[in-house]
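K.L.:
The sequence and its predicted three-dimensional model are supplied below.
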Amino acid sequence: MSTTLLGIVDDRALGSSMRLIVTRPDRLEAAWFAADAVIKAIDETASRFRHDSELSGLNRRPGRQVRVSPLLAQALSAGLRGARLTGGAIDPTVGTAVRLAGYDRDFASIPTDGSPIQLSVTHVPGWQAIEFDEAARTVYVPAGVEIDLGATAKALAADLAASAAYEATGSGGVLVSLGGDIAAAGDPPVEGWAVQASEDSNAPIDDEEETISIQSGGIATSSTTVRRWTRGGVVLHHIIDPATGLPAAGPWRTATVVARTCVDANIASTAAIVMGDWAIPWLTANGLPARLVDHQGTVHRVSGWPEPDAPSSSNS
Ligand code: ADP
Ligand code: MG
C-alpha cells in the first residue's frame with residue numbers, strides 16, 4: 001500500500017503545541033491560514049488567561065444577563081453539553097476551584113514548587129446555576145461563579161480549525177492537533193490518520209509507542225501528569241472533581257478517548273479522570289473507545305480500544 005504524501009506544519013497555539021496535516025500539500029498554506037484564524041478567535045473569545053477575552057469580561061460581570069458572541073455561545077454550549085453528558089463530572093463552573101488550586105495563569109508561568117496554599121473542600125456552584133439561552137445567545141451567571149471552558153474550548157478549536165482548514169483546501173483531508181486534542185475533517189489518507197497514544201502531547205513520535213489509526217472525528221487526551229505542580233509539598237493538578245472542588249483523586253492519571261468530534265472526545269477524557277472507576281461503565285455505555293493509564297502505569301483498553309499490534313518479531 002502506498003502512503004500518502006502529506007503537508008505538515010508545526011506551530012504553537014493556546015499555550016500548547018499545534019500541528020496541522022493536509023493530504024493536499026499544495027494547499028497547506030491556505031489550510032494553515034484558515035486554521036490559525038479560528039484558533040486565534042477561540043483564544044480571544046474563551047481564554048480565561050487573557051484579561052481581554054470575552055470570557056474574562058463575562059466573568060467580571062456576574063449577576064446579570066449578558067448577550068454573547070456566536071463563538072462564545074458555541075463554546076458555552078460545548079461546556080454545558082459536557083456537563084449534561086457526564087452527569088456533572090464536567091462542570092464549567094469549576095473556575096474558582098481551578099484558580100484556588102493554583103492554576104491561575106498560563107501553565108508555563110506557574111511555579112512548579114511553590115509555597116503552601118490553604119486548600120479546602122469548596123462548593124462548586126454547579127452548572128445548573130448558569131442560565132443560557134442558546135438561540136438568543138444570552139447568559140446569566142450568578143454572582144460568585146467563575147466560568148472555565150478549559151476542558152472544551154481547546155477541543156472546540158481543534159474541531160472548528162479542522163473544518164475551516166478543510167474548506168480552505170477544497171478537497172482531501174485535514175488533521176489538527178492542539179496539545180493532544182485532535183480533530184480530523186475530510187477524506188483521510190488511505191492508511192488513515194496514525195495517532196500516537198502518549199501521556200504528554202509534547203512527546204516525540206516514537207515507533208515503539210502505541211499508535212492507533214482514525215478515519216474521522218476526534219481523539220483527546222487528559223492527563224494529570226503534565227499540568228501538575230506542588231504547593232507546600234502537596235502535588236496538585238488541573239482536573240477538578242466538582243464534587244469536592246479539589247484535584248480529582250481517582251485511579252487514572254491519563255485518559256485518551258476517541259469520539260465523533262474532538263469536543264466529545266475531550267468531554268469524555270476529562271470526565272474519565274474525574275469519574276475514576278465509574279468511567280469504565282460510562283465509556284462502554286456511550287460506545288467511546290478509551291485507553292486509561294493508572295497511577296502504576298498499567299494501561300487499560302476499554303470499550304473497543306484496539307489491543308496494540310504484537311511486536312513483528314513474534315510473528316516469525
Ligand atoms: P488539557 O487542557 O490538558 O487538554 P483537559 O482537556 O482535561 O486537559 O482540560 C482540563 C482543563 O479543564 C483544566 O485546565 C481546567 O481549566 C478545566 N477543568 C478542570 N476540571 C474540570 C471539570 N471537572 N469540568 C470542566 N472543566 C474542568
Ligand atoms: Mg484536553
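P.N.:
Done, it's in. Note that the coordinates shown come from a computational prediction; the quantities given were computed from them, not determined experimentally. Ligands and ions are numbered 1, 2, ... in the order given.
K.L.:
Tell me where the stretch 151-300 of the chain is predicted with low confidence.
P.N.:
Low-confidence regions of the stretch 151-300 of the chain, defined here as pLDDT under 70, cover residues 201, 226-236.
K.L.:
Next, the residue in the chain that ligand 1 sits nearest to: phi, psi?
P.N.:
Closest approach of the chain to ligand 1 (Cβ to the nearest ligand atom) occurs at residue 150, with a separation of 2.3 Å. For the C-beta atoms, the positions are set from N, CA and C on the backbone; glycine is no exception. Phi and psi for residue 150, reported as degrees, to the nearest 10, are phi -50, psi -40.
K.L.:
I'd assumed residue 48 was in contact with it.
P.N.:
Yes: at 6.9 Å, residue 150 counts as touching residue 48 under the criterion of Cβ atoms under 8 Å.
K.L.:
before we move on, back to that, could you count how many residues lie near the residue of the chain closest to ligand 1?
P.N.:
Neighbour count of residue 150, defined by other Cβ atoms under 10 Å: 24.
K.L.:
For residue 85, see how far away it is.
P.N.:
Relative to residue 85, residue 150 is positioned 17 Å away (Cβ to Cβ, to the nearest Å).
K.L.:
Likewise for residue 149?
P.N.:
Distance, residue 149 to residue 85, using Cβ to Cβ: 15 Å.
K.L.:
The two: which has the busier surroundings?
P.N.:
Per other Cβ under 10 Å, whichever of residue 149 and residue 85 has more neighbours is residue 149, with 24 against 16.
K.L.:
Quick check, pLDDT for the more buried one.
P.N.:
If you check residue 149, the pLDDT there is 95.
K.L.:
now residue 104
P.N.:
Taken from the predicted model, the pLDDT recorded for residue 104 is 62.
K.L.:
Helices of the chain, residue ranges please.
P.N.:
28-46, 54-60, 70-85, 95-100, 150-169, 262-275, 279-285 (DSSP state H).
K.L.:
Could you look over the ones you listed and pick the most buried one?
P.N.:
Per-residue neighbour counts averaged over each of those give the maximum for helix 262-275, namely a mean of 29 (mean count of other Cβ atoms under 10 Å).
K.L.:
distance between that helix and the chain's centre?
P.N.:
Here the centre of helix 262-275 is set off from its chain's centre by 8 Å, with Cα atoms, centre = their mean, to the nearest Å.
K.L.:
now it against helix 70-85, angle please.
P.N.:
Calculated by axes from the mean of the first three to the mean of the last three Cα atoms, to 10 degrees, helix 262-275 forms an angle of 40 degrees with helix 70-85.
K.L.:
and the direction of helix 262-275 versus that of helix 150-169, what angle?
P.N.:
Here the directions of helix 262-275 and helix 150-169 differ by 160 degrees (the same axes, to 10 degrees).
K.L.:
what about stretch 77-91, near ligand 2?
P.N.:
No: using Cβ under 5 Å from the ion, no contact is recorded between stretch 77-91 and ligand 2, whose separation bottoms out at 11.1 Å.
K.L.:
For residue 307, find the nearest of the helices of the chain.
P.N.:
Using Cβ to Cβ as the criterion, the shortest distance between residue 307 and these is 16.2 Å, found for helix 279-285.
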